[in-house]
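In: here's a sequence, model it:
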Amino acid sequence: MSERVVLITGARGGLGTFVTQRFLATGATVVGVDRSISQKDFPAGNFVALPTDLTKSAAVAGAISSVVERYGRLDVLVHLLGGFAGGKSVAETDDATWQQMQDLNLTSAFYVLRAAIPHLRKSGSGRIVAIGSLAAVEPHAGLGAYVTFKSALVSLVRTVALENKDAGVTANVVLPGTMDTPANRKAMPGADFSTWVKPVDVADLVLWLTDERAKNITGTTIPIDSAAS
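Out: So this is what the prediction gives:
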């Protein structure tokens, strides 16, 4: 990993912090992308903060171009950015919620993939890992907008896997259950946190999928849930 350039979107989030730390520990050059992120967030010599609004096409294209111009390559893309909204039926869902879920869970991924794929193909062993959700596997009442775009994310990444297998690029989606993050604890204070997925376990899986040992795994969805649940 020490010679690879890794781009992590949503690097400052509840899961992103763990994933970023895992990749930094390998010695890889890690570019952390988030709407608000700084060098102070990860004080390591191999970390670069790149504040970017990933819901804006031009901003995403510019950010990835700047990475390739600086390092001459891009080897790994880990797309963690996402958002959750629920509690309303489809009939009750307003335009703002629908658009927000689309922007955070699908459109941002499309912009990042479109800009990154040409460079990942040149790597010879490009790796793409996106974070979906177990909820994307089947419909859930009250989660129409969220599930719709998380499901579409799976189709998008699996299509990318088919289109880029010839260049040695792998693309997979990790589907976690409810993760034990500060945001989730705040949103569901009465839940049994022991049944939730530990972010460090998801981070380990993401890291493994970018390893040479996972070169034959592509176009898959990999669920990860707590054994206690």
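In: any buried residues in the lowest-mean-pLDDT helix or strand in the chain, and which?
Out: Among the helical and strand segments of the chain, the one scoring lowest on mean pLDDT, DSSP states H and E is helix 182-187, with a mean of 78. For helix 182-187, the buried set under the neighbour-count rule, 16 or more other Cβ atoms under 10 Å, comprises Asn184. In short, each C-beta sits where N, CA and C put it, glycine included.
In: now the helix or strand that comes right after it: how far from the chain's centre is it?
Out: Beyond helix 182-187 in the direction of the C-terminus, DSSP states H and E gives the next helix or strand as helix 199-209. From the chain centre to the centre of helix 199-209 is a distance of 11 Å (Cα atoms, centre = their mean, to the nearest Å).
In: helices and strands around helix 199-209, which ones?
Out: Using 3 or more Cβ pairs under 8 Å, 6 or more residues apart in numbering; DSSP states H and E as the contact test, the elements touching helix 199-209 are helix 16-25, strand 127-131, strand 170-176, strand 221-224.
In: so for Ala203, which of the ones you listed sits nearest?
Out: Nearest to Ala203 among the helices and strands packed on helix 199-209 is helix 16-25 (4.1 Å), distances taken as Cβ to Cβ.
In: ok, now which ones touch Thr29?
Out: Applying Cβ atoms under 8 Å, 6 or more residues apart in numbering, we find Thr29 in contact with 4-6, 46, 48, 71.
In: please redo it, this time with the cut-off set to 6 Å
Out: By Cβ atoms under 6 Å, 6 or more residues apart in numbering, the contact set of Thr29 is 5, 46.
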